[in-house]
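Engineer: predicted coordinates and the sequence they were generated for:
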Number of protein chains: 2
Amino acid sequence: MMPDQLNTFFDPAGVAVIGASANPAKLSHGVVRNLKNHGYRGPIYPVNPKGGQILGLRVYPTILDVPDPLDLAVVMIPAPLVPEAIEACGERGLQAVIVITGGFREAGAEGAALEQRLKQTAAHYGIRLIGPNCVGVLDTHTPLDTTFIAAMPSPGNIGFVSHSGAICGGTVDWAREMNIGFSRIASLGNQVDVDIADGIQMLQDDTHTQVISVYAEGLPDGQRFVEVASHIFRSKPIVMLKAGLTSAGTRAVASHTGALAGSEEGYRAACHRAGVLVVNSLQEQNDLAIALASQPLPAGNRVAILTNAGGPAALAADELDRHGLQLADLSRETHKRLATVTPKGAQLANPVDMLGGPEAEMYQAAGEILLADSHVDMLMAIFVPQAITPVDAVAHNIVAASRSADKPTVCCLVGGESISEAVQILNGGGVPYYRDPNRAARALGGLKEYAMLRDRPEFQPTPLPGIDPAKAKRLLQSAWAQTGRGFINAEMSARIAAAYGVRIPKSGIATTLAEAEQLASRLHYPVAMKLIAPGIVHKADVDGIALNLQDTEAIEDSFEAMVGGNTEHQVMLQQMVASGQEVILGMQRDPQFGPVLMFGMGGLFVEAFKDVAFRLAPLCAEDAQNMIAETAAGKILAGVRGRPRGDIDSIVSTLRRVGQLAADFPCISELDINPLIVNEGSGGVWAVDIRIALSQVPL
Amino acid sequence: MMPDQLNTFFDPAGVAVIGASANPAKLSHGVVRNLKNHGYRGPIYPVNPKGGQILGLRVYPTILDVPDPLDLAVVMIPAPLVPEAIEACGERGLQAVIVITGGFREAGAEGAALEQRLKQTAAHYGIRLIGPNCVGVLDTHTPLDTTFIAAMPSPGNIGFVSHSGAICGGTVDWAREMNIGFSRIASLGNQVDVDIADGIQMLQDDTHTQVISVYAEGLPDGQRFVEVASHIFRSKPIVMLKAGLTSAGTRAVASHTGALAGSEEGYRAACHRAGVLVVNSLQEQNDLAIALASQPLPAGNRVAILTNAGGPAALAADELDRHGLQLADLSRETHKRLATVTPKGAQLANPVDMLGGPEAEMYQAAGEILLADSHVDMLMAIFVPQAITPVDAVAHNIVAASRSADKPTVCCLVGGESISEAVQILNGGGVPYYRDPNRAARALGGLKEYAMLRDRPEFQPTPLPGIDPAKAKRLLQSAWAQTGRGFINAEMSARIAAAYGVRIPKSGIATTLAEAEQLASRLHYPVAMKLIAPGIVHKADVDGIALNLQDTEAIEDSFEAMVGGNTEHQVMLQQMVASGQEVILGMQRDPQFGPVLMFGMGGLFVEAFKDVAFRLAPLCAEDAQNMIAETAAGKILAGVRGRPRGDIDSIVSTLRRVGQLAADFPCISELDINPLIVNEGSGGVWAVDIRIALSQVPL
C-alpha cells in the first residue's frame, strides 16, 4: 500500500466517530470534544442511531449517511458490533479506521475470534486499521486528536508510537508539565493490521517528526520491524523501550496482551542490526528523546561542564565516564577568557565551577566561551538554585549560550519547588532539562551513541565463496527423511556444515568393528570415536565419546563399549586435531527475529562467565569481528599478555558461513559448534563437534 | 567527646551569628532571617561591630558581649578573620561553631594554611567545628535553621549529611515539591573537624531520624567511617552516594575539594563491611530514602502489582526481576475476592490489571485484598491518569490500603501535569511516590536489600590457629633491613606468609651451583628454580623462572642461565606441586580504607574477565566464602558440569590468613599470591608464588 493511506490517519479530510455519545461522561463524547476543541479543521461527523446533536454537531444515524469529505472513522461501540461497523465503513469506501473499543484478543478466546473477523473484514475492503483496544492517534501539526486524553502536547518534533494507550496518556501529561513538544502520537493496541513497523514508517513519512520513540510489548513480525527500522535509523533516531524482557516481565506482558515474547538476546541482536537505541525505562526513553529532538549530534566525546556547585558536577563526571564520554581539556585561551567572565576564585579547569552565587549572565558568557573551544564537543550546564541568583534568568542565559554554536547543550537543575518555570524556559528554548546530573550525562551519552550508529558502515554482506546450497539441501532432505524433527546425527551435521565451507576434521561412519578399523587407518591415527544412536544427543553423558585412540586395540575397546551387539548403534570416527583455544558458536531461531547467532568462550567457561555475544544472521565480516571483540574470549584470542593471537579471521568466516546456512534454510532451528578449536596465527579453525536440529521439512 | 556536644548543633540554647548583616541581599542576613522565621525558640544574637538592629534583634559588637544562654555560633565573616573569631568563641566558652565562610583549602595554598590555623584553634579550645565552606545545619523538629536556604522541608524522619552545601539546597527544594519530610540536614563542607562519620553519628543520636542519607566526596578517615557505620546500620539504614568513583569523577572532585580519592574497589568493599547501601545518583538516593523512611521491611521478595495499565506493570515486572524480586503467586482465595471488587474483565493474575477506568475505591479494596494474601510481601500500585478516574481519589485510596497491613506499599503514577496534588497526598500519607515504574521497582529492591543487610550475621572473625606474629615480625624486619621500601624477594615473602599458616611448597635459597644441587636433592626432584636478584620483581619477564627441573643436569643449565658469574644473583629452589585450578589472591592497602583483599580467577583470565571480588581485611570465614562465591572462579571451583569441587575451605583459610597478616602489619603495602593452586576435594592449596611489598618500617 501507499504511505499516503497511512498518512490519512493523521491528516484526514473528514472524521466520523461511530458510537459518539451525547453524555459528557462517556469516552466517546471525549473523542468528539477533542476533535472539536483541539483544532481539527475538517468536518466532524458523530454517528449514533439516536441522532440529535453532540457539541453542536449533527449526529448521523449510520456511517452510510455521512456526506463527503470523509476518509477516517473512529469506532467506539461494543466489541461484538465492531465487525459489522467495519463492514459498513468498507461499503462507505473508507480506507482508514481506528478501533478504540477493547474486549478482543486481550479478553479471551471469544474476543480473539471477534478480532479475527475484524481483521478479515478490514482486509476484504482494503482498510488499514489501527487497534482495536487503543486510544487512537493525535497530530499536533495538522492538528488532529482522535483520543479522549484530556489535553494535547504542544507541537514539536518527537513522534511516539505505543503498543499501550495508557502510556500515551501518561506521556501527554508528562509532556505538558515539562513543555516538551510532540509531532504525532499513535496508540496501536492489539495491532491486527497497523503494527509497530508501520508506526515507525508513519513517523518516518512525517516531515515534522525528527525523533521516533517507540514503546512495544510484543513484536510479532520482528523481521519486518528490523527491515523497516534499519532503513530509517540513519535519517531519524529510533529510541525503543520494550516491556517483557525478563521472565517476570514476559509473564506480565503475556497476561496483559497475549503477545508472543521472543528472547531478550534476539531482541537486543535485532535492535543492533536495526540501528535502534535500546532504553530500559520510560524515564530514560523520554530523557534521550528530548536530547535527540533538540540537539545537533556531537563531533566527539569531550564534554565541558559549567556549574555553580562541585558535587553535582562530580556526579556528572562519574556518569559521563560510564558512558564512554570524557571531560574536555580546555585550551589555555579558554581559561584566559573564562577568567574575565566568572567570579573571583572560580575553578577554571573543567568542570568550570563558578561557585555558589554567580550572576545569571555568567552562564551565557562562560557557556559561549566553552562552546567556542575546539576541544569541546558538548556542554552540560548545571545550576543548583540558591538565594542569590534567579533561576529563571539562569535558564534564559543557558538557552542563549546554546544558540552560539552547533554543539549539543543540556542542562541539569538540581531542585524541585523553585524550578518549574525554569524547566519550561529550558525545554521551550531547545535545551533539554534534567533534574539529576546522571540523567543529563546519560542523555549526552545517547547523543554520542546515536552519532556512532548513524555513521557505522552500511550492512552489506559480501557473497561467501565455497558454499554449495544445493548439496546442503540434499543432505538436509536426507537427514529429515532419516530423523525428522529434532537433532540429526553428528556425521550428517558435519557434512551439512562442510557444504557451507565450515572446516571439519576428516571423518566417516562405521557399523562394524572391521569397518571402524579400516576407517581409522584411512584417517590416520590418532582418531576420536563418537557414538551415533537414535535419541542420543549429548554424547558425553553416555560415555559416547572416546578421544585420542592410538591403535587398533583402542578402536576395539571403544567400539565394544559403544556398540556392543546393539544393531541400532554406529560410530563416527574423526581425525584428532591439535589442541587450541576452544570457543563456542551457536545459532537459535528466534520466533520473532529469525536466526540469532551466538559466539563465546568454550569449555567450562560458558556457564560460569556467560561471556557471549549475539547477532542476527546473516552477518557481514565487520559484524562478526565486532561480535568476537565484544567478548572476553575475543580479547584472549587477540593476544593478551604476549600470548599468540588466534586465527580470528577464520572464526569470522565460520560465523558468516553458519549465519548464511541458517538464513538459507529456515528448516534449521538450532545449530551448535562446541567446541570450535582455534589455532594460532592463520592456522585456521576446526569445528570438532556440530549439532543441527530441524523443525520442518527442508525446502 | 560526648554525643551531647554534637547535639548542640541541632538543639542549642542560644545562637550567635557572627558577621550578621542588616542588608537583606547578604547571605548572613538570610541566616538570621531563617533562624527567626523558621521557628527557632531560643535567643538569636546577631554579632557585628556596626551594632544596631537586624530584623528587630539587638546586634552585639563582639561575641564576648553576647549574654547567656548561648552555646552555638555561626560564623560568616571573610576567611582571613575566621581564626580570630574562633579564638573569641573559645574565650566565650563555646563548644560548637559552624563556619559557613569559604575560601580555605578549596581556594589554594593560602586558604589551606588558614584552615590549619582554624583547626588548631578549635582543637585548643575543645570546640567542635562544622565547616568551613558549608551552608550550616537545620533540624525540623527542634526547630532550627542556621542556613540561608530559602525554605525548610516539613518535619520527617530522613536525616541527610552532605559534603556539599549546594546539594543540601537542592534537596530542600525537591523535598518541598514532593512533600517529603526531613529530620536533620547537615552540610559539612571542608570537614576540618566534624566529618562524615560524625555526621552519621549525629543522625544515629537523633530520635526523629529513621533513615541516614549521606552524600560524600572524599572519605579521608575511611576506617573510622567503616567503624561508625557498621555499628549503626542495623538500627538505621544508611544510604550513601559518593562522587568521584571513576577517573573523571575523581578529577572533578579533586579540583573541587582537594579531597584525596581512594579506589572504587576500596570504597565498595568498605561499604559492604559497613552495611551501607550504595547508590549511584541523587535520584536513586532519594528514591530509596523515601521508601526506607516510610515503609516496614518486607518478609520476602514476592511483589503484587495492582494497576490500571498493563504496560507500566510489565516494565515494573522486568525491573523487579533485575533486583531479585518476583511476582507473587496469588492464592485462589485472593483471586475470588478480587473478582468481587474489580471491574468486569479485569486480569486477576498478578499483575492485577483493573483495565483503563476502575473506580478509585477499587484501589483500596483490591489493595487490601492483595496485602492480606500471605503469598504477598510487598505491593506496588500503578495508576495512569485518564479522563474517568480522579487521580487524587486514587491516591487517597492507595494510602488507605497501605494502612491495612504491615507490608511495604509503593506507588507509581505515570504522568506529569495532572498528578502534582496526588504526589503530595501519597508522600504525605506515607506511600512513597515514583514517576517511573522502574524506579518504584528499584525502591522495593532497596527495601529487600536492606532487610537482608540488617539480618546478616554479625561480623565476628574467629581467631586463626597456627599464626606466629612474632616470627612474621622478625622476618619483616630482616626483609626491611635487606631491601627497604618496595618488593622483597620471593623466598622471604614465602617465609613471611608461611608464618601466618599459608601453605607454601618447600623451598630454599642457593648461591652456588653446588648448593643448588644439594638443595634440589634434599627437596626431591622435580623442582622449580626462580631467580632472586636486586630490582627484579617480575621474574617471568627476565627468564627468571624454570619449572619442572628433573635432574642435576637441568639444575646446572638453569643455574648457569640465571646466575652465570653474577655475584648479586641467587636462586630459590622450590618443590613442584601438582597442577590444579589456578586462582589469584591479592591485598592492596587503600589510603582511605586500609587493607583491601582481592580474589579471582588466575591465569589468562584475570585481565580478560575482570572476574574479581573485593573485601576489607581482616575477614571472617563467611565473608571469604561469599567473596569466592561472587566470582565465576568460585562457581567453577564449586563444581560446574560435574567437575570435581575444588578445596574452597583452604582458599577461605588462605584469604583469612593473608587478611590477618595485612591487618597486623601496616608496613605491608601490597601482597600477591599468583597463582594459588587449588587441589580437588580437601587436597588443600599451594601458594606457589608470593610477592610482598613494604612501605614502612615493620613495628
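Structural biologist: Structure's in. What do you need?
Engineer: where along the stretch 51-200 of chain A do the strands fall?
Structural biologist: Per DSSP state E, counting those that start in this stretch, the stretch 51-200 of chain A carries strands over the ranges A:53-54, A:57-58, A:72-75, A:96-99, A:128-130, A:137-139, A:144-145, A:154-162, A:181-187.
Engineer: report the inter-axis angle for the longest one versus strand A:181-187.
Structural biologist: Relative orientation of strand A:154-162 and strand A:181-187, computed by axes from the mean of the first three to the mean of the last three C-alpha atoms, to 10 degrees: 30 degrees.
Engineer: which helices and strands does strand A:154-162 pack with?
Structural biologist: Where contact means 3 or more C-beta pairs under 8 Å, 6 or more residues apart in numbering or on different chains; DSSP states H and E, strand A:154-162 is packed against helix A:165-178, strand A:181-187, helix A:196-204, strand A:211-216, helix A:282-294. All C-beta atoms are positioned from the backbone trio N, CA, C, and that covers glycine.
Engineer: who wins for proximity to chain B among the ones you listed?
Structural biologist: helix A:165-178 (3.2 Å; C-beta to the nearest C-beta).
Engineer: so which elements touch that closest one?
Structural biologist: So helix A:165-178, by 3+ C-beta pairs under 8 Å, 6+ apart, packs with strand A:154-162, strand A:181-187, helix A:282-294, helix A:420-428, helix B:310-322.
Engineer: elements contacting the next helix or strand after the last one?
Structural biologist: Tracing the chain C-terminally past helix B:310-322 and defining elements by DSSP states H and E, one meets strand B:326-327 next. Other helices and strands packing on strand B:326-327, by 3+ C-beta pairs under 8 Å, 6+ apart, are helix A:247-257, strand B:302-307, helix B:310-322.
Engineer: how about residues contacting strand B:326-327?
Structural biologist: The contact list for strand B:326-327, computed with C-beta atoms under 8 Å, 6 or more residues apart in numbering or on different chains, reads A:248, A:251, A:252, B:301, B:302, B:303, B:304, B:305, B:317, B:320, B:350, B:351.
Engineer: kindly report the same for stretch A:560-573.
Structural biologist: Contacts for stretch A:560-573 (C-beta under 8 Å, 6+ apart): A:489-491, A:507-511, A:513, A:516, A:519-520, A:523, A:527-534, A:543-544, A:546, A:558-559.
Engineer: follow-up on the earlier one: turn the helices and strands packed on strand B:326-327 into JSON lines, columns for distance to residue B:580.
Structural biologist: Listed next are the helices and strands packed on strand B:326-327 as JSON lines, based on distance: least, C-beta to C-beta, whole Å:
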{"stretch": "helix A:247-257", "distance to residue B:580": "37"}
{"stretch": "strand B:302-307", "distance to residue B:580": "42"}
{"stretch": "helix B:310-322", "distance to residue B:580": "36"}
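Engineer: walk me through the domains of chain A.
Structural biologist: If you go by automatic domain parsing, the domain ranges for chain A are A:3-291, A:296-455, A:506-576, A:581-694.
Engineer: which one of those has the poorest average confidence?
Structural biologist: Sorting the domains of chain A by mean pLDDT places domain A:506-576 lowest, at a mean of 87.
Engineer: from the chain's centre, how far out does that one sit?
Structural biologist: 46 Å (C-alpha atoms, centre = their mean, to the nearest Å).
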